[in-house]
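Asks: Sequence first, predicted model second:
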There are 2 protein chains.
Amino acid sequence: MVTIKEVAQKTGFSTATVSMVLNNSRLARNMSQETRSHIKRIARELGYTPNHFARSLRSMRSRAIGVIARDITDPYCAQIFRGIESFIRRRGYVPILTDTQCDGGQFEHLIEILLERRVDGLITLGSSLSLDTTVLEGFVRGRVPAVMIGRECNSQTISTIAVDNESGARLGIEHLIALGHRNIAFIKGPKDLTDATRRWSGVCSLAQETRLALDRNLIIQLSEPASTCEGGYRATQALLARKRLFTAIMAFDDMTACGAIRALSAAGLGVPGDCSVIGFDDVALAASYNPTLSTIRQPLEKMGFIGAEILLKLIKTPLAKQASRPVLRSVKPALVIRESTASPGNPTGKPRRGVFDKG
Amino acid sequence: MVTIKEVAQKTGFSTATVSMVLNNSRLARNMSQETRSHIKRIARELGYTPNHFARSLRSMRSRAIGVIARDITDPYCAQIFRGIESFIRRRGYVPILTDTQCDGGQFEHLIEILLERRVDGLITLGSSLSLDTTVLEGFVRGRVPAVMIGRECNSQTISTIAVDNESGARLGIEHLIALGHRNIAFIKGPKDLTDATRRWSGVCSLAQETRLALDRNLIIQLSEPASTCEGGYRATQALLARKRLFTAIMAFDDMTACGAIRALSAAGLGVPGDCSVIGFDDVALAASYNPTLSTIRQPLEKMGFIGAEILLKLIKTPLAKQASRPVLRSVKPALVIRESTASPGNPTGKPRRGVFDKG
DNA sequence: TTGTAAGCGTTATCAG
DNA sequence: CTGATAACGCTTACAA
């Protein structure tokens, strides 16, 4: 492996000069053009590659970002990650990605591993509780900047990027109402998930404003701690068992919505013919589902961008004069209309039925 | 940040001694038990963390693995990645993950970035051509060991883990035949994808052995270069337009199969009532689809394990005495039966129809 | 405009 | 059994 020393020898200059030239440093500005191009040429000819180890040792910065995903096989995390990766790569950083595999117990351990590697900053992905805010706060206090993406929480030290869940939920119902639905069932998300709470307040506030009646018999709570297709399936079965009329379901998220669709199909009900279904997130699945799923899109990749941008800014800011309050950024969701929602009228040519309509 | 020097001072020993103790090195074996525990205790009390930069500089190893995914938002890649990550973590390695975003042009660049970071080994994920074998070969020659996961290819230098596509395809048809299907349509994968070729030879060999007639009118080729839901949709529409009888579709992979199901549904045909559909891969989507998808499972996480294991072994082997031939490992696929396949008989109580059956 | 030299924190090789 | 000491390759004051 060719070192800076060899380049220095071949060019006749000192290693200091070579280093400055190769880094386009301040001091290199006023060196003869000749010197600079000569050194650069020789370096290229020799195939010189700076040694990252030495560089990091000197500068005490790794130019690596530690990422902790709640579940990297979840497209939700993967898409945010993509945003992060492509953003930081352009700035000369690289991501070290670790995965809790939905096991909250791993979280501390992963932080330790990453801090040991001296990452310049930390990002967590995924809204689950398995990424504990207080744990993170304790660890990074005064060490490295950290950003949480995909989770609304009011930390005093950690910056946060999350979708505006409340307006997302409102978008969803507004869409259903506009289609003519009045009997809307709700599958609420896991109790102790901030996102679930926020979405539900969105629903409630909109219902109040529009005088939409919320039938408590049409509200059901996911029993699982996490959101799965299976959970949506069971919740919908339970809903059907109540034998109340509804023409639409608003699910906590896309996975839940898919489960709901399956349960409706299994019960011989068509989507959207007999019942509309809307999800939340717009994970890749949504666009391929059968039927394709109307949903509220979180701009996942963009959230990755923003998170990475904030983190890199924090990294550049000297610790001393960082704002004492963290950045809490919320991004706007968007309605995506696909096949799974339609008017309760007669969208597919079949007679209007609704679910358990008397007709 | 507390260094080894401070530990040395506090304990009264030299840095050398401390280093040896803390690494449980050979020489530390025959040091007094007292010394060792004392040093360790003080180190812990001081909160000493070894500096990875210095360590790497010294040892010239990063204990980091470079991973290049064709598309990390594709659950196929993500699941393999999970296998890799959890395997190497247990051995003290960490993954630096980069993503071509399906852009083959990025591949070289990503390799360069990772090599610059002095990763100890390289793994590529995903079967696409956007991961070019020859490019990889050229780059890593004599530099770092490399393993490709998810792509069958006969490289002379790069080790490979891939599913046995041929027997996978055979499993699929055997299942359909066992169910009673004789008129089977095939959606072949992208022409220049090894996996597609292999799967097709599996189909052909089994057809020959079982005297199953392959109707060329029931064979269609994906037009897209990559596999998407959309591609499966269009292929199936084209198939339907031919107005030939078939009672089952064997799709190139899960995404294609989902597209096929959508097209069938759109045409008013039920799955599996009117037509069975089987996929390949068993990505997460398959288990949640409507209907849930019968498919051939690739043991993705396990492939990640195996790939990582081979890579770490290569890393430990001194370059001089590495086997000249790379490891080419093939893993067994498994049939996963879900809802999308059933006998052409009368599985759902509806009259038997088949697609374009005269009845 | 360029060179010298002092580290950065570890680890390995000696010598004792 | 333990201690000095010399690298590892690079950056950056400071000197010239």
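Replies: Thanks, I have the structure now.

Asks: pLDDT below threshold where in the stretch 251-359 of chain A?
Replies: For the stretch 251-359 of chain A, applying pLDDT under 70 flags the ranges A:319-321, A:345-359.

Asks: what about 90?
Replies: A:284-285, A:316-327, A:345-359 (pLDDT under 90).

Asks: what ranges do the helices span in it?
Replies: All helices of the stretch 251-359 of chain A, identified by DSSP state H, counting those that start in this stretch, fall at A:254-266, A:284-288, A:300-316.

Asks: Residue A:272 is nearest to which of those helices?
Replies: helix A:254-266 (9.6 Å; Cβ to Cβ). (Each C-beta comes from the backbone N, C-alpha and C, glycine too.)

Asks: That closest one near chain B anywhere?
Replies: Yes: Helix A:254-266 lies within reach of chain B by Cβ under 8 Å from any Cβ of the partner chain, at A:255, A:258-259, A:261-262, A:265.

Asks: Using CSV, please lay out the residues you listed together with distance to residue B:279 and neighbour count.
Replies: What follows is these, written out as CSV (distance: Cβ to Cβ, whole Å; neighbours: other Cβ atoms under 10 Å in any protein chain shown):
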residue, distance to residue B:279, neighbour count
A:255, 19, 26
A:258, 16, 29
A:259, 20, 27
A:261, 19, 31
A:262, 17, 25
A:265, 18, 17
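
Asks: And the furthest pair within the residues you listed?
Replies: Top of the distance list for the residues of helix A:254-266 next to chain B (Cβ to Cβ): A:255 and A:265, 15.9 Å.

Asks: about what we covered before: kindly compare burial across the helices of the stretch 251-359 of chain A and name the winner.
Replies: For the helices of the stretch 251-359 of chain A, the largest average neighbour count (mean count of other Cβ atoms under 10 Å in any protein chain shown) is found in helix A:254-266, namely a mean of 26.

Asks: For it, C-alpha coordinates in PDB please.
Replies: The C-alpha atoms that make up helix A:254-266 are tabulated as PDB, following Å, rounded to 0.1, in the frame of the first residue of the first chain:
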ATOM      1  CA  ASP A 254     -50.500  -0.300   6.000                       C
ATOM      2  CA  MET A 255     -49.700  -3.700   7.500                       C
ATOM      3  CA  THR A 256     -52.900  -3.400   9.600                       C
ATOM      4  CA  ALA A 257     -54.800  -2.400   6.600                       C
ATOM      5  CA  CYS A 258     -53.600  -5.400   4.600                       C
ATOM      6  CA  GLY A 259     -54.700  -7.600   7.400                       C
ATOM      7  CA  ALA A 260     -58.100  -5.900   7.400                       C
ATOM      8  CA  ILE A 261     -58.400  -6.500   3.600                       C
ATOM      9  CA  ARG A 262     -57.600 -10.100   4.100                       C
ATOM     10  CA  ALA A 263     -60.200 -10.500   6.800                       C
ATOM     11  CA  LEU A 264     -62.800  -8.800   4.700                       C
ATOM     12  CA  SER A 265     -62.000 -11.000   1.700                       C
ATOM     13  CA  ALA A 266     -62.100 -14.100   3.900                       C
END
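
Asks: Helices of the stretch 101-250 of chain A, residue ranges please.
Replies: Using DSSP H, counting those that start in this stretch, helices in the stretch 101-250 of chain A cover A:106-116, A:133-140, A:165-179, A:194-210, A:229-241.

Asks: Those residues of the stretch 51-200 of chain A touching DNA strand C, which are they?
Replies: Within the stretch 51-200 of chain A, the positions lying close to DNA strand C (Cβ under 7 Å from any atom of the strand) are A:54, A:57-58, A:60.

Asks: what's around residue A:209, how many residues?
Replies: A count of neighbours around residue A:209, defined by other Cβ atoms under 10 Å in any protein chain shown, yields 9.

Asks: What of residue A:25?
Replies: Neighbour tally, residue A:25, other Cβ under 10 Å: 11.

Asks: Which helix or strand contains the nearest residue to it once chain neighbours are set aside?
Replies: Once flanking residues are discounted, residue A:25 sits nearest to residue A:19: 7.7 Å by Cβ to Cβ, 6 or more residues apart in numbering or on different chains. Assigned by DSSP states H and E, residue A:19 belongs to helix A:15-22.

Asks: Next, see if that helix gets close to DNA strand D.
Replies: Yes: contact between helix A:15-22 and DNA strand D, assessed by Cβ under 7 Å from any atom of the strand, occurs at A:15-16, A:19-20, A:22.

Asks: related to what we said a few turns ago, surely the residue nearest to residue A:25 and residue A:7 touch.
Replies: No: assessed by Cβ atoms under 8 Å, residue A:19 is found out of contact with residue A:7, at 9.3 Å.

Asks: Comparing those two, which shows the higher neighbour count?
Replies: Neighbour count, other Cβ under 10 Å: between residue A:19 and residue A:7, residue A:7 has more, with 24 against 20.

Asks: residues contacting residue A:217?
Replies: A:242, A:244 (Cβ atoms under 8 Å, 6 or more residues apart in numbering or on different chains).

Asks: Just list the residues touching residue A:325, thanks.
Replies: residue A:156.

Asks: and it, backbone torsions?
Replies: For residue A:325, the backbone dihedrals (degrees, to the nearest 10) come out as phi -90, psi 140.

Asks: Around residue A:22, how many other residues sit close by?
Replies: Neighbour tally, residue A:22, other Cβ under 10 Å: 17.

Asks: for it, what are its contacts?
Replies: For residue A:22, counting by Cβ under 8 Å, 6+ apart, the contacting residues are A:4, A:7, A:39-40, A:43, A:48, A:50.

Asks: contacts with chain B among the residues you listed, please.
Replies: Okay, of the contacts of residue A:22 touching chain B (Cβ under 8 Å from any Cβ), that's residue A:50.

Asks: which of the contacts of residue A:22 are buried?
Replies: A:4, A:7, A:39-40, A:43, A:48 (16 or more other Cβ atoms under 10 Å in any protein chain shown).

Asks: Reformat the residues you listed as JSON lines; add distance to DNA strand C.
Replies: Converted to JSON lines, the buried ones among the contacts of residue A:22 look like this (distance: Cβ to the nearest atom of the strand, whole Å):
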{"residue": "A:4", "distance to DNA strand C": "10"}
{"residue": "A:7", "distance to DNA strand C": "11"}
{"residue": "A:39", "distance to DNA strand C": "9"}
{"residue": "A:40", "distance to DNA strand C": "12"}
{"residue": "A:43", "distance to DNA strand C": "14"}
{"residue": "A:48", "distance to DNA strand C": "16"}
